[in-house]
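give me a 3D structure for the following:
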Amino acid sequence: MKLLKLIMESYTLSTIENQTQEQASAIPLVSRISSSVHWFLLLASISALIFYQVYSPDWDYLDVFRINGFTLLIWTTVLFFSSIVSSYSKNYLTGFQYHKRFSLLSIGFTLSVLLFVMSNHILALLISWFTMGYFMAKLIGVHKNWGEARQAERFSLRYFVSGALVLSLGILLLCYDSNQFTVQGLMSTDEFSTPILIFSSILIIAAAIIQSAIFPFHKWLLSAMTSPTPASALMHAGFVNGSGLLLTLFAPLLILSNTLWILFIIGGITAILAQFQKLIQVNVKHKLACSTIAQMGFMVMQCGLGFFNAAIAHLILHGFYKAYLFLSSGEQVMQSSPQDSPRLRITVLQAIAVAVYGVFGALLFSYLTGKTSITDSSIFLTLIVAITVGQATYNIVKEKSFTYLQKMTTSAVLFIVGISVYALLFNGITLLMSEMPMIQVPQSLDTLQIVFGIIFLIGFFIMKLGVHTKSPWLYVRLLNLSQPYKKTIHYYKK
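Numbering: from 1, shown residues only. The predicted structure follows:
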């Protein structure tokens, strides 16, 4: 019997080894090479970032490319996500007919993002912006035999090409008006005619919100569910964040043209609408898509407040947790029946705890980041932090398995550690971006900001109270707004 057991174990181990070898041989060579190249580039980028901070070299090439702290920060972030996704997809897509094509498109997308953030000449910038959209559209439709995937590719590509054309028109008008053909040159002059400056700024904003799926351009992201999970991770962790990079690069022009209020309003509306839409989704990837749209709304809002450094910090943190959520989405139930959302129930003591911890969290954030003014737009950043801490505190104090002491201690530890880490990241990113002009220009509070801030808060509490579920008209409107393009879902019978 022992001999038979040893023979069976040997056979089992041999079978597993053979299966492993077969799986390894099924992985395309380009995919294995791609993973190694991504990790090598990541290490090189980290090394370059450290070297740059120590020696501050001048890395410019004929005014076409420019590498600074901001460039290396984004390179490191993008390459980190790309390396993770590349390693994940190497095994995840084993046996997939278009595995090799996916790997090549992923490499092309990563390189186009790296090219975009180092571009100084306008032509290089516009070409890289277009290629980012092209590669992402191809990743969305990588499954060429799937009709809905082909439709999603065409649908998203129309958005991306439109955004590239709008951006090209806006920037080329500025170049023609100022006779400057580099990003650095455009940012260092204010000799623009007012109509062209305002019109071009609006076009740049339009290009940014198209790529980040900001309302009313959110349909392309909701229709991109045909992409494989690793492509979705790249899209939500990297591609949609491109608007934050674009707006940061052209921050001085947007401030000079006095168009930041457009970003503040559109971002706020998108954040609230997308959060509502997320609550009524039953598909895990659609939930994540609506969450991404809402987060992009917050990021655009931060740009509208004049805090482009906060927007960059936001997009980096969003990339980390959204990539993780997409790569682990297979563990979730793909489709489930709609259920009633849990009602907001809170006692007086819990409400006091939420309010106290929210206020202390906001004060700690203000102290650590120097955002102590209550007369400019920094108050909105502080308010968002207070809401975040308050919501986290509520989730803890309603936990029945905790004692009162555990609830208070856990809440205090989490908000102190969380706010401290975020402030450290925020200050570090601000330092790395110090060469960028006008990355932090708080705007004076005006009536429009105050009124919209109140509307934003009302919308947030309406959402938390679940009022949208009690209004059939509102529920249906939100459901319709969150539907993908009709030809990207159940359109082909075969």
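
measure the spatially most central residue of the chain to Phe81 for me?
The residue lying closest to the centre of the chain (Cα atoms, centre = their mean) is Asn241, at 4.3 Å. Separation of Asn241 from Phe81 (Cβ to Cβ, to the nearest Å) stands at 10 Å. C-beta: built from backbone N, CA, C; applies to glycine.

between these two, what contacts are shared?
Common neighbours of Asn241 and Phe81, using Cβ atoms under 8 Å, 6 or more residues apart in numbering, are Gly319.

quick one, phi/psi of the residue nearest to the residue nearest to the centre of the chain when sequence neighbours are not counted?
What sits nearest to Asn241 in space, not counting adjacent residues and going by Cβ to Cβ, 6 or more residues apart in numbering, is Leu315, at 4.0 Å. Main-chain dihedrals, Leu315, degrees, to the nearest 10: phi -70, psi -30.

which SS state does Pro437 fall under?
coil (DSSP: H, G, I helix; E, B strand; the rest coil).

change the start of the numbering to 21 and stick with it
Got it, first residue is 21 now, which makes that one Pro457.

list the contacts for it?
Counted by Cβ under 8 Å, 6+ apart, Pro457 has contacts 207-208, 271-272.

those residues into a markdown table, with extra columns for distance to His256, pLDDT and secondary structure?
Listed next are the contacts of Pro457 as a markdown table, based on distance: Cβ to Cβ, whole Å; pLDDT from 0 to 100; DSSP: H, G, I helix; E, B strand; the rest coil:
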| residue | distance to His256 | pLDDT | secondary structure |
| --- | --- | --- | --- |
| Met207 | 29 | 87 | helix |
| Ser208 | 34 | 84 | coil |
| Ala271 | 24 | 91 | helix |
| Pro272 | 29 | 90 | helix |
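
closest to Val433 out of the residues you listed?
Ala271 (36.3 Å; Cβ to Cβ).

the closest one contacts Asn329, doesn't it?
No: applying Cβ atoms under 8 Å, one finds Ala271 not in contact with Asn329, separated by 9.8 Å.

which residue is the nearest non-sequential neighbour of Leu177?
Nearest one to Leu177, counting by Cβ to Cβ, 6+ apart, is Ala157 at 3.9 Å.

surely the one you found and Glu173 touch.
Yes: in this structure Ala157 lies within contact range of Glu173 using Cβ under 8 Å: 5.2 Å.

count of neighbours near Ala233?
Using other Cβ atoms under 10 Å, Ala233 has 29 neighbouring residues.

do the same with Ser76
Count around Ser76 with other Cβ under 10 Å applied: 11.

now do stretch 493-503, average pLDDT.
For stretch 493-503, mean pLDDT rounds to 79.

helix or strand right after the strand or helix carrying the residue nearest to Leu177?
Using DSSP states H and E, Ala157 sits within helix 142-160. Per DSSP H and E, helix 142-160 leads on to helix 167-198 as the next helix or strand towards the C-terminus.

list the helices and strands that following helix packs on?
Helices and strands touching helix 167-198, by 3 or more Cβ pairs under 8 Å, 6 or more residues apart in numbering; DSSP states H and E, are helix 142-160, helix 203-207, helix 214-231, helix 239-242.

can you redo these as TSV with distance to Pro504 and mean neighbour count?
Shown next, in TSV, are those (distance: least, Cβ to Cβ, whole Å; neighbours: other Cβ atoms under 10 Å):
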stretch	distance to Pro504	mean neighbour count
helix 142-160	12	22
helix 203-207	35	18
helix 214-231	17	21
helix 239-242	4	24
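
put together a markdown table for the ones you listed, with distance to Ile70 on each row.
Compiled in a markdown table, these are given as follows (distance: least, Cβ to Cβ, whole Å):
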| stretch | distance to Ile70 |
| --- | --- |
| helix 142-160 | 25 |
| helix 203-207 | 24 |
| helix 214-231 | 31 |
| helix 239-242 | 35 |
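
tell me which of the ones you listed lies nearest to Tyr179.
Closest approach to Tyr179 among these (Cβ to Cβ): helix 239-242, 4.4 Å.

other residues contacting the following helix or strand past that closest one?
Remark: after helix 239-242, the chain's next helix or strand is helix 249-254, criterion DSSP H and E. Under the contact criterion Cβ under 8 Å, 6+ apart, helix 249-254 has outside partners 101-102, 104-105, 108-109, 112-113, 122, 126, 129, 156, 159-160, 162, 244-245, 305, 308, 342-343, 346-347, 349-350.

and stretch 333-349, by the same measure?
97, 101, 104-105, 108, 249-250, 252-254, 256-258, 261, 264-265, 304-305, 308, 311-312, 315, 318-319, 322, 442, 445-446, 449.

buried stuff in it?
Of the residues in stretch 333-349, 333-336, 338-339, 342-343, 345-347, 349 count as buried by neighbour count, 16 or more other Cβ atoms under 10 Å.

show only the entries of those found in helices.
Counted as lying in helices by DSSP state H, out of those, are 333-336, 338-339, 342-343, 345-347.

output those as CSV; include the columns distance to Leu92 and pLDDT.
Shown next, in CSV, are these (distance: Cβ to Cβ, whole Å; pLDDT from 0 to 100):
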residue, distance to Leu92, pLDDT
Ala333, 16, 88
His334, 19, 86
Leu335, 16, 87
Ile336, 13, 88
His338, 20, 84
Gly339, 16, 84
Lys342, 22, 82
Ala343, 20, 81
Leu345, 27, 79
Phe346, 26, 78
Leu347, 25, 78
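
now render those residues as JSON lines, adding distance to Pro236.
Listed next are those as JSON lines, based on distance: Cβ to Cβ, whole Å:
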{"residue": "Ala333", "distance to Pro236": "27"}
{"residue": "His334", "distance to Pro236": "22"}
{"residue": "Leu335", "distance to Pro236": "21"}
{"residue": "Ile336", "distance to Pro236": "27"}
{"residue": "His338", "distance to Pro236": "21"}
{"residue": "Gly339", "distance to Pro236": "24"}
{"residue": "Lys342", "distance to Pro236": "22"}
{"residue": "Ala343", "distance to Pro236": "26"}
{"residue": "Leu345", "distance to Pro236": "25"}
{"residue": "Phe346", "distance to Pro236": "24"}
{"residue": "Leu347", "distance to Pro236": "29"}
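
wait, Met138 touches Ile87, no?
Yes: between Met138 and Ile87 a contact is recorded at 5.6 Å, counting by Cβ under 8 Å.

higher neighbour count, the two?
Met138 (22 against 18).

which residues does the more buried one contact?
85-87, 91, 95.

which of the contacts of Pro457 are buried? Put it as a ChimeraX command.
In ChimeraX syntax, the buried subset of these is picked out as below (16+ other Cβ under 10 Å):
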select :207,271,272
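
what helix or strand does Ser67 sit in?
Assigned by DSSP H and E, Ser67 falls in helix 49-75.

tell me what that helix is packed against?
Looks like helix 49-75 contacts helix 89-112, helix 119-138 (3+ Cβ pairs under 8 Å, 6+ apart).

before we move on, the earlier item: quick one, phi/psi of the residue nearest to the centre of the chain?
According to degrees, to the nearest 10, Asn261 has phi -70, psi -10.

could you do Asp396 as well?
Dihedral angles for Asp396 - degrees, to the nearest 10 - are phi -130, psi -170.

right, and it touches Pro462 too?
Yes: between Asp396 and Pro462 there is a contact under Cβ under 8 Å: 4.0 Å.

tell me the mean pLDDT for the helix holding Ala157?
Here the average pLDDT along helix 142-160 is 92.

so which bits of stretch 400-412 are buried?
Residues of stretch 400-412 classed as buried by neighbour count (16+ other Cβ under 10 Å): 400-402, 404-410, 412.
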